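>>> quick one: sequence and predicted model below, then my questions.
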There are 2 protein chains.
Amino acid sequence: MSNYREQFKKLLKQNGLKITAQRLEVPSVLASCPDKHLTAEEIYELVKVGCPDIGLATVYRTIQLLLELSVIDRINLDDGCVRYEIGNLGAGPEKHHHHHLICVECGKVTSFEDDLLEELEEKIERTTGFSIVNHEVKLYGICKECGGKLLEKK
Amino acid sequence: MSNYREQFKKLLKQNGLKITAQRLEVPSVLASCPDKHLTAEEIYELVKVGCPDIGLATVYRTIQLLLELSVIDRINLDDGCVRYEIGNLGAGPEKHHHHHLICVECGKVTSFEDDLLEELEEKIERTTGFSIVNHEVKLYGICKECGGKLLEKK
DNA sequence: GTCCATGCAAATGATTTGCAGTATC
DNA sequence: GATACTGCAAATCATTTGCATGGAC
């Protein structure tokens, strides 16, 4: 949907923030590759296409802003750099998807269904009295495709 | 057990590595606070007590070594610095415990039972064909104690 | 005696910050 | 026109690396 941009502008206004080309471009880049998990540097390179004079510091500042507004999510794959992906604006604050399957063979990152986690969290809340508000789950393993390829080789 | 140190010495020898005071001191510090999740800097400060001339670089090098030998585990709580905790030497490579409950009120970090996760992982393997070999799970929320205190205030 | 390991200082790489100029409201 | 935002360069912070010295085997 292209009213994504309008929603975002409204969000900036609501928070007393100014609408600038830079602030529009960063989420636009993230939204254009929803499953890519880009680093700040990668975002910088892509943003420069539509906004050639932008500085890296502004990219970082905008990322910070977008995180605070929950427009984007931070992902840490422990590969030395933090990554970001577009969140689902307007879907409500409960709709995180900080849970990834990471293939140790090809590096591909995919998500899995929320509801599987909800079950786990319910059980933990019951057994520990800990009330869960957010999560970050990374499962490392071998994806279907790589598993198939490894079998072929044998 | 104090044969922990002997086990570790054996491990070094097996890998053709030299036994030095520094290499003995770092895991010793980690073992003395098993649930503390120390940063490299914190380890450095503690190691200096028994080994005053050690350099920070050696701490980092030793940590790297211990990670490779699976003597310690890395934990990233996304608070800007990586933390480490002693692993269970000799309990076999399958015994990770990279799954934590993090209280957003008091910052306390605890672990939860493995078997709850195993169930989740089984389900995911069945539904996605992804074969899981390791995990890092962080659940953010409010611990029992803080939950109680918050209720009292009302 | 031979190398591996260490300490120190300098290098690195991601991220942040200070500041003067610039654009938004 | 006031003030928030930006770009640049310098600063920061955790971690790594080069190199000459020192210690383990």
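Yes, it's here.

>>> who in chain A is up against DNA strand C?
Within chain A, the positions lying close to DNA strand C (Cβ under 7 Å from any atom of the strand) are A:18-21, A:39-41, A:56-57, A:60-61, A:64, A:80-82. (Each C-beta comes from the backbone N, C-alpha and C, glycine too.)

>>> again, only this time at 6 Å
A:18-20, A:39-40, A:56-57, A:60-61, A:64, A:81-82 (Cβ under 6 Å from any atom of the strand).

>>> now, these that are in helices?
Within the residues of chain A next to DNA strand C, membership in helices is found for A:40, A:56-57, A:60-61, A:64, as judged by DSSP state H.

>>> what about DNA strand D: which of those touch it?
Restricting these to those near DNA strand D by Cβ under 6 Å from any atom of the strand leaves A:57, A:61.

>>> give me the mean pLDDT for stretch A:24-31.
Summarised as a single mean, pLDDT over stretch A:24-31 is 94.

>>> got the contact list for it?
By Cβ atoms under 8 Å, 6 or more residues apart in numbering or on different chains, the surrounding residues in contact with stretch A:24-31 are A:4-5, A:8-9, A:38, A:43, A:46-47, A:50-51, A:54, A:59, A:62-63, A:66, A:71-72, A:84-86.

>>> what about the helices in chain A?
So, for chain A - with DSSP H - the helices run A:4-14, A:21-32, A:40-50, A:56-68, A:114-128, A:144-153.

>>> and the shortest one, what does it pack against?
The helices and strands touching helix A:144-153, judged by 3 or more Cβ pairs under 8 Å, 6 or more residues apart in numbering or on different chains; DSSP states H and E, number zero.

>>> run through who's touching it.
Taking Cβ under 8 Å, 6+ apart as the criterion, the residues outside helix A:144-153 that touch it are A:103, A:105-106, A:142, B:128-131.

>>> domain parsing for chain A?
Domain assignment for chain A, taken from automatic domain parsing, gives A:1-94, A:96-154.

>>> in terms of mean pLDDT, which of those ranks lowest?
Of all these, domain A:96-154 carries the lowest average pLDDT, namely a mean of 84.

>>> picking that back up, any of the contacts of stretch A:24-31 buried? List them.
By the neighbour-count criterion of 16 or more other Cβ atoms under 10 Å in any protein chain shown, the contacts of stretch A:24-31 include these buried positions: A:8, A:38, A:43, A:46-47, A:51, A:54, A:59, A:62-63, A:66, A:71-72, A:84-86.

>>> and which of the residues you listed is nearest chain B?
Of all those, the one sitting nearest chain B is residue A:84; the distance, using Cβ to the nearest Cβ, is 13.2 Å.

>>> residues in contact with that closest one?
For residue A:84, the set of contacting residues under the criterion of Cβ under 8 Å, 6+ apart consists of A:30, A:37-40, A:43, A:63, A:66-67, A:72-75.

>>> which one of the helices of chain A is the most hemmed in?
Taking mean count of other Cβ atoms under 10 Å in any protein chain shown as the contact definition, the stretch among the helices of chain A with the greatest mean neighbour count is helix A:21-32, which reaches a mean of 19.

>>> list the contacts for residue A:66?
Contacts here follow Cβ under 8 Å, 6+ apart; on that basis residue A:66 touches A:26-27, A:30, A:72, A:84.

>>> distance check, it against residue A:110.
With distances taken as Cβ to Cβ, to the nearest Å, residue A:66 is found 23 Å from residue A:110.

>>> repeat for residue A:23
Here the distance between residue A:23 and residue A:110 works out to 30 Å (Cβ to Cβ).

>>> scan chain A for its longest strand.
If each strand of chain A is counted by residues according to DSSP state E, the longest one is strand A:131-142.

>>> check which residues of it are buried.
Residues of strand A:131-142 classed as buried under the neighbour-count rule (16+ other Cβ under 10 Å) are A:131-132, A:135-142.

>>> tell me what the residue nearest in space to the middle of chain A is bridged to.
To find the centre residue of chain A, average its C-alpha atoms and take the closest one (Cα atoms, centre = their mean): that gives residue A:85, at 2.5 Å. Partner residues in beta bridges with residue A:85, using DSSP bridges, are residue A:73.

>>> can you tell me which residues contact it?
Residues counted as contacts of residue A:85 (Cβ under 8 Å, 6+ apart) are A:30, A:34-38, A:72-73, A:75.
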